[in-house]
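A.B. asks: Sequence isn't available, so here's the structure alone:
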């Protein structure tokens, strides 16, 4: 479950355990009719691992039209305001089922905070191995859920995580392997993004998703692949492939910080404040150019996650109409 | 619409315009069956002002069980992570309908950021009159949506807001009157909280909601009162009244900062990171004591809104098992 497939893994490469389901036992109508924002992850129990950890109302995020046939899947609307909540509902469920006293996670951001929240909700302890350079806003966030936060140099985090797992029996909800395979249940949570998109707009022409280790990407692809197995989705591959992994025929698009910043600004003008990395999906679409048919860009988290603000006081404006109208004119606002 | 009822208001007291509906034209089944998180505010159009401003997927927030028959209505799951999005979908709609070039709002927090987001989404400019002492996190937040932020002393904000309204034709989406009446459409947005609660658990025994000027309180009460008028809710008053306004027979419960901090910590232990003021609902329930029947506490916003963090680096721990296990023992974690 957490160290890779016992049959195929070697000392050099840990292959993830893949979760499969009795597809012929999936009830008819699971994907029919209803809008997607109805019951979060619990709607999909026939196609998920046992959800032993209690819900925080994760999933069921809105799909927002952003023009030209494109939609934004706003994952900042999860319990800890990122897509990681879908993963952690599933991975903390594994910890509950295995009777672990707590969970341990190596993360300096959304993953750790989300694990801490779901562990708290399930009555488990949580240890977060983090970087000393983690943004202060994220630290406050993780602390708030009562997790034990251990700032450690990058290279020591994984060995120590293994010791916490071995010596204390804590369940690892992030990678514990030599290569980054992730927890087997993680992509099971992510695939519900595909299910929700499907119930709202069917199979889109393309999905653009930010990616680091490729876990979210794999999960979204798996969700659409399962829909195809269930006979519900006619095509999930091709040049207009849904996910940018080789098997789907999609594309991996590198995007620069400048492109992400431009996409972040474009979303802000639409009223959506995304984390910089969360804007990578839209940045990918802009780099790729127009796609024929509906397109979904996944925005994984909120702008609050980037905050590195200080505490300085704003300079007050002279409270006269003259000073105020001068400031407004500078911003292009005139009578 | 924005200066109070022309018939009843005097120079001293501005009475808000009250919005009423043709209740006999409300379609049967509007409140039937479906779970609440389906379509956000647009589900309720027969009982709302015209929603001319485009949606950001506001509303449809989850109701989370927190034990002993109590539920948390988690309003941090809105587009700008607070209940204010329900109000601003409606008030910015008024600005769109009136062909205003933009909106103006006096706020140092959630209200201003939410107005900025909905204005951006609708293609309108937004001017936010704020306090020079507004938390830096909130300033970054408002800035992100491209609003013009004017830090001004408290006493100058309202007179200057009136000038911006009169001279530039901007639509005010917060109070513009001598007494705080608020925008007539604001509580119309808030009342959808009551509608959503009703579709999920029926009429609860009590609702505990944070309140400042009483707009949210009035809105939630109005939602339940309308359900009674529609013959759907049997009782919305009594000692176990739904909302703490005199008409409902509810109670106003003052809560201290310490009580709110305790409620905030209690929610954190359940995996919900609420803004301090947002925990006032649960603090009210704890002060009041047990209620016979299901209870809903409204949590209005996210812990990120309180952030006043600096930028200091966390002190790294010595990356040895000895140092790590010492730290874990101090937190009560042992093998």
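C.D. replies: Structure received. Everything quoted here is computed from the prediction, not taken from an experiment.

A.B. asks: What's the local residue count around residue A:212?
C.D. replies: Look at residue A:212: counted by other Cβ atoms under 10 Å in any protein chain shown, it has 12 neighbours. All C-beta atoms are positioned from the backbone trio N, CA, C, and that covers glycine.

A.B. asks: contacting residues for it?
C.D. replies: The contact partners of residue A:212, by Cβ atoms under 8 Å, 6 or more residues apart in numbering or on different chains, come to residue A:277.

A.B. asks: Distance-wise, check it relative to residue A:17.
C.D. replies: Using Cβ to Cβ, to the nearest Å, residue A:212 is found at 20 Å from residue A:17.

A.B. asks: Quick one: list the elements packing against the helix or strand bottoming out on mean pLDDT in chain A.
C.D. replies: Least confident helix or strand, chain A: helix A:136-144 with a mean of 81, by mean pLDDT, DSSP states H and E. Of the remaining helices and strands, those touching helix A:136-144 by 3 or more Cβ pairs under 8 Å, 6 or more residues apart in numbering or on different chains; DSSP states H and E are helix A:110-122, strand A:125-130, strand A:148-151.

A.B. asks: now with 7 Å?
C.D. replies: helix A:110-122, strand A:148-151 (3 or more Cβ pairs under 7 Å, 6 or more residues apart in numbering or on different chains; DSSP states H and E).

A.B. asks: Need these in JSON lines (columns: mean pLDDT, distance to residue A:44 and mean neighbour count).
C.D. replies: Shown next, in JSON lines, are these (pLDDT from 0 to 100; distance: least, Cβ to Cβ, whole Å; neighbours: other Cβ atoms under 10 Å in any protein chain shown):
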{"stretch": "helix A:110-122", "mean pLDDT": "95", "distance to residue A:44": "17", "mean neighbour count": "29"}
{"stretch": "strand A:148-151", "mean pLDDT": "90", "distance to residue A:44": "32", "mean neighbour count": "22"}
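
A.B. asks: Of all those, which one comes closest to residue B:189?
C.D. replies: Across the helices and strands packed on helix A:136-144, residue B:189 has its closest neighbour in helix A:110-122 (27.7 Å, Cβ to Cβ).

A.B. asks: Is chain B within reach of the closest one?
C.D. replies: Yes - Helix A:110-122 is in contact with chain B by Cβ under 7 Å from any Cβ of the partner chain, via A:117, A:118, A:120, A:121.

A.B. asks: Can you report how many residues neighbour residue A:226?
C.D. replies: 20.

A.B. asks: so what's it scoring on pLDDT?
C.D. replies: Confidence at residue A:226, expressed as pLDDT, is 92.

A.B. asks: residues touching it, list them.
C.D. replies: A:47, A:191 (Cβ atoms under 7 Å, 6 or more residues apart in numbering or on different chains).

A.B. asks: for chain A, what spans make up the strands?
C.D. replies: A:63-67, A:70-74, A:102-106, A:125-130, A:148-151, A:171-172, A:206-208, A:295-299 (DSSP state E).

A.B. asks: Quick one: name the residues of the stretch 1-150 of chain A near chain B.
C.D. replies: A:35, A:37-40, A:56-57, A:60, A:62, A:64, A:74, A:77, A:79, A:81, A:117-118, A:120-121, A:125, A:127, A:132-134, A:136-137, A:139-141, A:144-146, A:148, A:150.

A.B. asks: Drop anything exposed from the residues you listed.
C.D. replies: A:35, A:37-40, A:56-57, A:60, A:62, A:64, A:74, A:77, A:79, A:81, A:117-118, A:120-121, A:125, A:127, A:134, A:136-137, A:139-141, A:144-146, A:148, A:150 (16 or more other Cβ atoms under 10 Å in any protein chain shown).

A.B. asks: Run through the stretch 201-335 of chain A and note the low-pLDDT ranges.
C.D. replies: Along the stretch 201-335 of chain A, segments meeting pLDDT under 70 span A:234-249, A:308-313.

A.B. asks: how near is the most centrally placed residue in chain A to chain B?
C.D. replies: Among the residues of chain A, residue A:83 comes closest to the average C-alpha position under Cα atoms, centre = their mean, at 2.7 Å. Going from residue A:83 to chain B by Cβ to the nearest Cβ, to the nearest Å gives 14 Å.

A.B. asks: Residue A:233 and chain B, how far apart?
C.D. replies: According to Cβ to the nearest Cβ, residue A:233 stands 22 Å off from chain B.

A.B. asks: Tell me if I'm right that that residue and residue A:199 touch.
C.D. replies: No - in this structure residue A:233 lies outside contact range of residue A:199 using Cβ atoms under 7 Å: 11.5 Å.

A.B. asks: circling back to that earlier point, could you list which residues are in contact with the residue nearest to the centre of chain A?
C.D. replies: By Cβ under 7 Å, 6+ apart, residue A:83 lies in contact with A:75, A:190, A:216, A:300.

A.B. asks: Quick check: the second one vs residue B:322, distance?
C.D. replies: Counting by Cβ to Cβ, the gap between residue A:190 and residue B:322 amounts to 37 Å.

A.B. asks: Which of these two has more residues huddled nearby?
C.D. replies: Applying other Cβ under 10 Å to residue A:190 and residue B:322 shows that residue A:190 carries more neighbours, namely 25 against 8.

A.B. asks: nearest residue to that one other than its sequence neighbours?
C.D. replies: residue A:219 (2.5 Å; Cβ to Cβ, 6 or more residues apart in numbering or on different chains).

A.B. asks: and the one you found, what is it in contact with?
C.D. replies: A:187, A:189, A:190, A:191.

A.B. asks: out of the contacts of residue A:83, which one sits closest to chain B?
C.D. replies: residue A:75 (11.4 Å; Cβ to the nearest Cβ).

A.B. asks: which of the contacts of residue A:83 has the most neighbours?
C.D. replies: In the contacts of residue A:83, the most neighbours by other Cβ under 10 Å go to residue A:75, 31 neighbours.

A.B. asks: Let me know the pLDDT of the residue nearest to it when sequence neighbours are not counted.
C.D. replies: Nearest non-adjacent residue to residue A:75, counting by Cβ to Cβ, 6+ apart: residue A:83, 4.0 Å away. Residue A:83 carries a pLDDT value of 96.

A.B. asks: go on, the one 5 residues further on?
C.D. replies: Confidence at residue A:88, expressed as pLDDT, is 97.
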